[in-house]
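Trainee: Got a predicted structure plus its sequence, pasted below:
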Amino acid sequence: MRTILTITNLTKKYGLLTAVNNLSFTIKKGNVYGILGPNGSGKSTTLGIALNVVNKTSGDFEWFDGTVSTHEALKKVGAIIERPNFYPYMTAYKNLELVCKIKGIDTSKINEKLELVDLIDRKDSKFKTFSLGMKQRLAIASALLNDPEILILDEPTNGLDPQGIHKIRALIQQIASTGTTILLASHLLDEVEKVCTHVVVLRKGKKLYSGRVDEMISSHGFFELKCEDNISLISFLESHPSIEKTIRKDDLITAFLNTPLSASEFNKQLFNAGIPLSHLVLRKESLEEQFLKLTDNTSS
Amino acid sequence: MLRLLNIEFIKLWNNRASKILILAYFILLSCIALIAAIKFDFGFFKFHLAEQGIFNFPYIWHFNTYVAAALKFFLAIVIVSMMANEYSNKTIKQNLIDGLSKKEFILSKFLTVAVFALVSTIFVFIISLTLGYIFSSFTETSIVFSDLEYIVAFFIKLLGFFSFCLFLGILIKRSAFALGFLFVWYMAEGFARIVLNLWDKTSEYADAITQFFPLQSMSNLIKQPFSRLGAVKEMANQVGEQFNFDYTVHWYNIIIVLFWTSLFVIFSYKLLQKRDL
């Protein structure tokens, strides 16, 4: 698989503050990556450095195996950072025409991309008349003009209303399904969980995890249980070989698994032991819970 | 190079304020021709400015370039705001992300500025040539094309001034403040001159030192042409005054301005390179 971006030991300091701390990861073609981290964890700074707008303090980054200069490489990249930046006095079409000129490509794709983001009816309206959601969609159209090798999106749903968020997410999923490599920076976990195959987790500029999303959620899940006779249920659970630990909160009992066990099999075992349940759910930990666990563990 | 100019052209021409200012500048430039229409007729006293020799070759080159240079402030506004707007709209960030290098960005701005200066120069050249052929008492080719160094000086003067505006736009990032700073700078140079004059009454030192200041060096390129005019000289003679003024375009003035020009462009580039956007 081709390498698109390699980041090695990248560090960025703003005075005393270290925004990015010795960060390394690789982006390969064909995957959908998420960069996760709370606000101020260095996501945007990292992308800014790779995109030539922020100067690094030390370390290195390389586009396409270092075969081309950064600004040449960026012509094959589509990127939007935080807020969509266009010339407010120019129409949507003119703005995209300008991007084509900068990237050195012809203007034939403008209408196609405007259609993709559902802005073709407004192509002759000035940028300043657009709503935030429309601006964001225009930015995505602009990033796609060159059919990029990689699409970089930094907080693409920030500040949008629910409809806007939904539209952008559907768009990202649609683009991902065409096989385009995507790098999505976000602090919204369900967003990343829904579209990404790989994830890099940052906290205070340091990498906590990088790898596949499904490997990050590596636990076998847990049961949520309710029954009439809590005492015998708990003693049953504590002697069960597949149960790692049990937590009792009010009348809801949570049992964590250490080996895979299906809900129906578990139900049968309990029934045979004479403990009929009133409530049984097998749940997987979400990325959110996993993420909080990960960022909590290292905070102390 | 054409790609970079094309990019800047799209940005400028679609901005209504810039478009109006650029058009106003060139319309006013052609209005120099209207000076020819200044006529007073008081019966006993007839005065027609065009016949006072201001449109005589080669004096016209000096006169027209001097008057035309006063209009440069129109383009100064356009240039400062074209730079500052890139910051306030954050489009400079997007330009770089889209694959423009920082060098290309500065180059595209400098080329635009150079084109402004060049087009103005050609414009002034054609207007002067036309006016001259209509009103000048001498139209021999050797006289018509003498003293053309004023045209060269005009180009260098505009290039230097516009580069200064460009640099201020990048440095200050807000067009109004950058223009304000330009004015403050102008005052500071004037103030420095006053202080130097207090110290030495002959203004010899003041001239020697201030000629190295950016704005003073630009203004030294084309000095005021009025005291060279026949009618003015005559009047001065009547009151017993003699003008001993050096009107020539000196090579070292050109060097000083070109030095500042390159400094402004290099500083702009360094500033852009150093800054996080």
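Mentor: Received, thanks. Owing to the predicted nature of the structure, the values given are computational and were not obtained by experimental measurement.

Trainee: any idea which helix or strand carries A:G78?
Mentor: strand A:77-80 (DSSP states H and E).

Trainee: can you pull the buried residues of that strand?
Mentor: Applying a neighbour-count criterion of 16 or more other Cβ atoms under 10 Å in any protein chain shown, the buried positions in strand A:77-80 are A:V77, A:G78, A:A79, A:I80. C-beta: built from backbone N, CA, C; applies to glycine.

Trainee: any chance of these in a markdown table, with pLDDT and distance to A:Y14 too?
Mentor: As requested, these are exported to a markdown table (pLDDT from 0 to 100; distance: Cβ to Cβ, whole Å):
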| residue | pLDDT | distance to A:Y14 |
| --- | --- | --- |
| A:V77 | 93 | 25 |
| A:G78 | 93 | 27 |
| A:A79 | 93 | 22 |
| A:I80 | 88 | 23 |
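
Trainee: related to what we said a few turns ago, briefly note if the strand holding A:G78 comes near chain B.
Mentor: Yes: contact of strand A:77-80 with chain B (Cβ under 8 Å from any Cβ of the partner chain) involves A:V77, A:A79.

Trainee: Could you check the longest helix seen in chain B and say which residues are buried?
Mentor: Counting residues, the longest helix in chain B under DSSP state H turns out to be helix B:102-135. Buried residues in helix B:102-135, counted by 16+ other Cβ under 10 Å: B:102, B:104-114, B:116-117, B:120-121, B:123-125, B:127-129, B:131-132, B:135.

Trainee: secondary structure element for the residue nearest the centre of chain B?
Mentor: Nearest to the mean C-alpha position of chain B, counting by Cα atoms, centre = their mean, stands B:L158 at 3.6 Å. With elements taken from DSSP H and E, the one containing B:L158 is helix B:149-172.

Trainee: Give the next helix or strand downstream of that helix.
Mentor: Elements were assigned by DSSP H and E; along the chain past helix B:149-172, the next helix or strand is helix B:175-199.

Trainee: could you say what helices and strands that next one packs with?
Mentor: Applying 3 or more Cβ pairs under 8 Å, 6 or more residues apart in numbering or on different chains; DSSP states H and E, we find helix B:175-199 packed against helix B:72-88, helix B:149-172, helix B:204-210, helix B:214-221.

Trainee: Show me what from the stretch 51-200 of chain A comes close to chain B.
Mentor: Taking Cβ under 8 Å from any Cβ as the test, the list of the stretch 51-200 of chain A residues beside chain B reads A:51-55, A:69-75, A:77, A:79, A:81, A:83, A:85-90, A:94, A:97-99, A:101-104, A:142.

Trainee: relative orientation of the helix holding B:L158 and helix B:102-135 in degrees?
Mentor: Here helix B:149-172 runs at 150 degrees with respect to helix B:102-135, directions being taken by axes from the mean of the first three to the mean of the last three Cα atoms, to 10 degrees.

Trainee: OK, contacts around residue 22?
Mentor: Since you didn't name a chain, this refers to chain A. Taking Cβ atoms under 8 Å, 6 or more residues apart in numbering or on different chains as the contact definition, A:N22 lies against A:N9, A:L10, A:T11, A:G59, A:K206.

Trainee: Please refer instead to chain B.
Mentor: Under the criterion of Cβ under 8 Å, 6+ apart, the contact list for B:I22 reads B:L12, B:F74, B:L75, B:V78.

Trainee: Quick check: the gap between the residue nearest to A:N21 when sequence neighbours are not counted and A:L36.
Mentor: Nearest-residue entry for A:N21: A:G205, 3.9 Å, with adjacent residues in sequence omitted and distances by Cβ to Cβ, 6 or more residues apart in numbering or on different chains. Using Cβ to Cβ, to the nearest Å, one obtains 14 Å as the distance from A:G205 to A:L36.

Trainee: who's more crowded, these two?
Mentor: Comparing A:G205 with A:L36 by other Cβ atoms under 10 Å in any protein chain shown, the one with more neighbours is A:L36, at 30 against 23.

Trainee: Need phi/psi at the more buried one.
Mentor: Phi and psi for A:L36, reported as degrees, to the nearest 10, are phi -110, psi 150.

Trainee: hey, what's it bridged with?
Mentor: The residues listed as beta-bridge partners of A:L36 by DSSP bridges are A:S186, A:V201.

Trainee: can I assume A:L98 sits in a helix?
Mentor: Yes: with DSSP: H, G, I helix; E, B strand; the rest coil as the criterion, A:L98 is assigned to a helix.

Trainee: Which other helices and strands does the strand holding A:G78 contact?
Mentor: Counting by 3+ Cβ pairs under 8 Å, 6+ apart, strand A:77-80 packs on helix A:132-144, strand A:150-154.

Trainee: how far away is the closest residue to chain B within the stretch 201-300 of chain A from A:K43?
Mentor: Among all residues of the stretch 201-300 of chain A, A:G205 sits closest to chain B, at 15.1 Å; criterion: Cβ to the nearest Cβ. Using Cβ to Cβ, A:G205 is found at 10 Å from A:K43.

Trainee: ok, now B:A206?
Mentor: For B:A206, the distance to A:K43 (Cβ to Cβ) stands at 57 Å.

Trainee: who's more crowded, these two?
Mentor: Looking at B:A206 and A:K43 with other Cβ under 10 Å, you find the greater number of neighbours at A:K43, namely 25 against 20.

Trainee: Give the full set of residues in contact with the residue nearest to that one when sequence neighbours are not counted.
Mentor: Of all residues beyond its chain neighbours, the one nearest A:K43 is A:A185 (4.2 Å), with distances taken as Cβ to Cβ, 6+ apart. For A:A185, the set of contacting residues under the criterion of Cβ under 8 Å, 6+ apart consists of A:G34, A:I35, A:K43, A:S44, A:L47, A:I152, A:L153, A:D154, A:E155.

Trainee: which residue ranges form the helices in the stretch 51-200 of chain A?
Mentor: Assignment of helices within the stretch 51-200 of chain A using DSSP state H, counting those that start in this stretch yields the ranges A:70-74, A:92-103, A:110-116, A:132-144, A:162-177, A:189-195.

Trainee: These: which one's closest to A:F291?
Mentor: Each of these was scored for nearness to A:F291 using Cβ to Cβ, and the closest is helix A:189-195 (5.6 Å).

Trainee: what does the average pLDDT come to for the closest one?
Mentor: What helix A:189-195 shows for mean pLDDT is 80.

Trainee: Can you pull out the low-pLDDT segments for chain A?
Mentor: Low-confidence segments of chain A (pLDDT under 70): A:218, A:297-300.

Trainee: try 50 this time
Mentor: Applying pLDDT under 50 to the predicted model, the residue ranges of chain A that meet it are A:300.

Trainee: Which parts of it belong to which domain?
Mentor: Per automatic domain parsing, the domain ranges recorded for chain A read A:3-216, A:222-283.

Trainee: returning to what we had before: just the C-alphas of the strand holding A:G78, formatted as PDB.
Mentor: Included here for strand A:77-80 are C-alpha records, laid out as PDB according to Å, rounded to 0.1, in the frame of the first residue of the first chain:
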ATOM      1  CA  VAL A  77      -4.200  16.900  -1.500                       C
ATOM      2  CA  GLY A  78      -7.600  18.400  -0.700                       C
ATOM      3  CA  ALA A  79      -7.800  20.000   2.700                       C
ATOM      4  CA  ILE A  80     -10.100  22.200   4.700                       C
END
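
Trainee: No further questions, thank you.
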